[in-house]
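**Q** The sequence isn't on hand, but the structure is:
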């Protein structure tokens with residue numbers, strides 16, 4: 001029932017980042033001087049021939065010129081070579097290797113001191129991204145980071161490209177670099193947390209969200225997702241604490257209050273189940289043994305009756321061996337056999353029940369039961385308080401209306417179960433009083449379902465309302481007075 005914002009935030013991340021990529025590469029080719037393109041083509045052809053010329057390729061100046069040519073292609077005319085930035089990078093490295101004097105000039109580009117090579121990689125990565133060559137885009141963004149390891153732009157785009165081709169480990173690496181380098185976009189932290197959550201690394205997911213909150217303290221998506229992940233990891237108490245803080249910092253955020261009510265509501269249900277388990281352990285052995293003993297005595301009583309019948313019919317057969325009397329004797333003998341077998345089975349069950357109850361520490365179970373009941377009372381009250389607080393802010397909130405209706409409906413069902421399990425003596429003593437409370441709970445649920453249906457015509461609310469109306473009609477027919485507390 002808890003609300004997730006995953007799909008919205010993930011779309012936001014890709015949408016915002018894709019805009020960045022488009023804006024980075026959206027230089028109109030019309031604006032590029034045709035003569036410049038022609039010149040770059042000639043320079044490229046000359047440089048490519050020079051690579052196979054032993055004299056030219058032995059000079060560092062040749063490789064510096066080649067790096068400049070290919071860097072210009074990457075920045076201004078990628079149609080000549082969509083991976084020109086890589087050639088520029090390798091050429092700068094070659095120049096540095098050949099001549100220590102040129103190394104200093106080359107290193108300015110290789111380390112990002114001069115940003116032109118870095119920008120060339122990002123530009124060509126963006127172009128590959130737009131052309132759906134995501135693997136090629138990722139490679140360009142990774143190389144851009146070799147040039148400038150402290151920049152956030154390439155790691156951001158690299159993470160997006162990696163994620164879209166399902167390279168989850170690389171996506172995590174890229175987004176982590178983005179965070180380490182001071183990136184602030186909350187949607188990146190959200191997306192990174194989702195990657196960790198998908199592999200059940202909940203602690204890392206929460207740590208990532210908290211890091212994002214350090215940089216965007218008021219981001220509601222990050223705060224809500226912390227709660228969601230705590231819930232997914234089974235840390236319900238922590239989730240409630242986080243969500244309670246959210247309701248205090250943003251008291252008019254209805255959804256947060258609804259979600260808090262749902263958390264307490266779910267906790268109330270879980271505690272109720274646990275309480276029944278403990279009660280079963282405490283009273284299970286004794287009560288089960290008692291019930292089985294009653295069954296055992298009943299079967300033994302049947303044996304006495306069957307023995308009497310067998311004796312009586314056998315006497316009649318001696319006097320007059322009629323076929324009908326023989327059939328009666330066979331029937332009674334068969335029934336006695338059934339009871340004899342039942343006695344053996346019940347005795348085995350009694351022994352098993354007695355053995356099972358020996359291992360129970362009833363004192364410890366009683367203490368645990370008391371603690372659970374106290375927690376259930378708190379959860380019960382907090383759920384109702386949260387839902388009613390929502391209705392104070394938004395009287396037409398479907399979730400709060402429907403959930404309150406379900407809350408009182410379930411309470412009625414629990415009380416009805418109590419009536420159904422009563423012995424005749426108990427029912428005569430207090431059955432009518434409890435039935436009045438059952439009726440009162442159903443009556444209390446009714447207006448919430450009615451208002452919920454007015455807000456949203458949902459089948460679930462209509463079905464529950466129909467059940468409530470049917471039950472109330474039955475109580476009216478039995479002339480049960482509804483007791484509302």
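**A** Cool, the structure landed. Being a predicted model, the structure only gives us computed values, none of them experimental.

**Q** Please name the residues that touch residue 230.
**A** For residue 230, the contacting residues are 202, 206, 236, 238, 239, 242, by C-beta atoms under 8 Å, 6 or more residues apart in numbering. C-beta: built from backbone N, CA, C; applies to glycine.

**Q** Let me know the pLDDT of the first one.
**A** Residue 202 is assigned a pLDDT of 91 by the prediction.

**Q** Not counting its neighbours along the chain, what's nearest it?
**A** Nearest residue to residue 202 in three dimensions, chain neighbours excluded: residue 233, at 3.7 Å (C-beta to C-beta, 6 or more residues apart in numbering).

**Q** try the last one
**A** Here the nearest residue to residue 242 in space, its sequence neighbours aside, is residue 227; by C-beta to C-beta, 6+ apart that works out to 4.9 Å.

**Q** so how far is the helix or strand containing the one you found off the chain centroid?
**A** According to DSSP states H and E, residue 227 maps onto helix 220-232. Distance, stretch centre to chain centre, for helix 220-232: 9 Å (C-alpha atoms, centre = their mean, to the nearest Å).

**Q** If we go by neighbour counts, what in it is buried?
**A** 220, 221, 222, 223, 224, 225, 226, 227, 228, 229, 230, 231 (16 or more other C-beta atoms under 10 Å).

**Q** by contact count, what packs against the helix or strand following it?
**A** From helix 220-232 onward toward the C-terminus, using DSSP H and E, the following helix or strand is helix 236-249. Using 3 or more C-beta pairs under 8 Å, 6 or more residues apart in numbering; DSSP states H and E, the elements in contact with helix 236-249 are helix 220-232, helix 254-319.

**Q** again, 10 Å this time
**A** For helix 236-249, the elements it packs on are helix 220-232, helix 254-319, helix 362-393, judged by 3 or more C-beta pairs under 10 Å, 6 or more residues apart in numbering; DSSP states H and E.

**Q** tell me the domain ranges of this protein?
**A** Domains of the chain are assigned by automatic domain parsing as 6-256, 275-363, 395-477.

**Q** Make JSON lines out of those domains and add distance to residue 371.
**A** Putting the domains of the chain into JSON lines (distance: least, C-beta to C-beta, whole Å) gives the following:
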{"stretch": "domain 6-256", "distance to residue 371": "14"}
{"stretch": "domain 275-363", "distance to residue 371": "10"}
{"stretch": "domain 395-477", "distance to residue 371": "20"}
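
**Q** weakest of the ones you listed in terms of mean pLDDT?
**A** Taking the mean pLDDT of the domains of the chain, domain 275-363 comes last: a mean of 80.

**Q** how far is that domain from where the chain is centred?
**A** 51 Å.

**Q** How about stretch 231-251?
**A** That offset, for stretch 231-251, works out to 14 Å (C-alpha atoms, centre = their mean).

**Q** Now that stretch: buried residues?
**A** 231, 233, 235, 238, 239, 240, 242, 243, 244, 246, 247.

**Q** before we move on, the earlier item: backbone phi and psi for the residue nearest to residue 202, please?
**A** phi -90, psi 10 (degrees, to the nearest 10).

**Q** unless I'm mixing things up, it is touching residue 239, no?
**A** Yes. Between residue 233 and residue 239 there is a contact at 8.9 Å, judged by C-beta atoms under 10 Å.

**Q** Make sure the residue nearest to residue 242 is actually in contact with residue 237.
**A** No. Between residue 227 and residue 237 there is no contact under C-beta under 10 Å: 11.8 Å.

**Q** anything in contact with each of these two?
**A** residue 263 (C-beta atoms under 10 Å, 6 or more residues apart in numbering).

**Q** Tally up the residues packed near residue 334, please.
**A** When neighbours are defined as other C-beta atoms under 10 Å, residue 334 has 10 of them.

**Q** Actually, residue 157.
**A** Using other C-beta under 10 Å: residue 157 sits among 26 other residues.

**Q** Need the contact partners of the helix or strand containing residue 468.
**A** Assessed by DSSP H and E, residue 468 sits inside helix 459-477. The contact list for helix 459-477 (C-beta under 10 Å, 6+ apart) reads 398, 401-402, 405-406, 408-409, 412-413, 416, 435-436, 438-455, 458, 480-482.

**Q** any idea how far that helix is from the chain center?
**A** That offset, for helix 459-477, works out to 33 Å (C-alpha atoms, centre = their mean).

**Q** List the buried residues in it.
**A** Applying 16+ other C-beta under 10 Å to helix 459-477 flags 461, 464, 465, 468, 471, 472, 475 as buried.

**Q** now, among these, which is nearest to residue 427?
**A** residue 475 (15.3 Å; C-beta to C-beta).

**Q** circling back: spatially, which two of the buried residues of stretch 231-251 are the most separated?
**A** 233 and 247 (21.1 Å).

**Q** quick revisit: looking at the helices and strands packed on helix 236-249, which is buried most?
**A** helix 220-232 (a mean of 22; mean count of other C-beta atoms under 10 Å).

**Q** Residue 453: neighbouring residues, count only.
**A** 20.

**Q** what's the helix or strand for it?
**A** Using DSSP H and E, residue 453 falls in helix 432-455.

**Q** Return the distance of the most centrally placed residue in the chain relative to residue 404.
**A** Nearest to the geometric centre of the chain sits residue 232, at 4.7 Å (C-alpha atoms, centre = their mean). The spacing between residue 232 and residue 404, counted by C-beta to C-beta, to the nearest Å, is 26 Å.

**Q** re the thing from before, OK, contacts around the residue nearest to residue 202?
**A** 197, 200, 201, 202, 203, 205, 206, 239.

**Q** One more: residue 365?
**A** Contact partners of residue 365, counting by C-beta under 10 Å, 6+ apart, are 277, 278, 279, 281, 282, 283.

**Q** Please apply the same query to residue 57.
**A** Taking C-beta under 10 Å, 6+ apart, we find residue 57 in contact with 50, 51, 63, 66, 94, 98.

**Q** Give me the spatial nearest neighbour of the last one, chain neighbours excluded.
**A** Counting by C-beta to C-beta, 6+ apart, residue 98 lies nearest to residue 60, which is 4.1 Å off, once chain neighbours are set aside.

**Q** May I ask you to confirm that that neighbour is in contact with residue 104?
**A** No. In this structure residue 60 lies outside contact range of residue 104 using C-beta under 10 Å: 11.3 Å.

**Q** between these two, which one's more packed in?
**A** Set side by side, residue 60 and residue 104 show more neighbours around residue 60, with 19 against 10, by other C-beta under 10 Å.

**Q** Tell me how far the more buried one lies from residue 95.
**A** 4 Å.

**Q** Need the overlap of contacts for the two.
**A** 101, 102, 103, 105, 106.

**Q** Closest to residue 339 out of these?
**A** For those, the minimum distance to residue 339 (C-beta to C-beta) is 101.7 Å, reached by residue 106.

**Q** Does that closest one touch residue 67 like I think?
**A** Yes. Using C-beta under 10 Å, residue 106 is in contact with residue 67, at 7.3 Å.

**Q** Now do residue 218 against residue 246, distance only.
**A** Taken as C-beta to C-beta, the span from residue 218 to residue 246 is 11 Å.

**Q** Over to residue 355?
**A** 51 Å.

**Q** Ok, residue 366 next?
**A** Going from residue 366 to residue 246 by C-beta to C-beta gives 37 Å.
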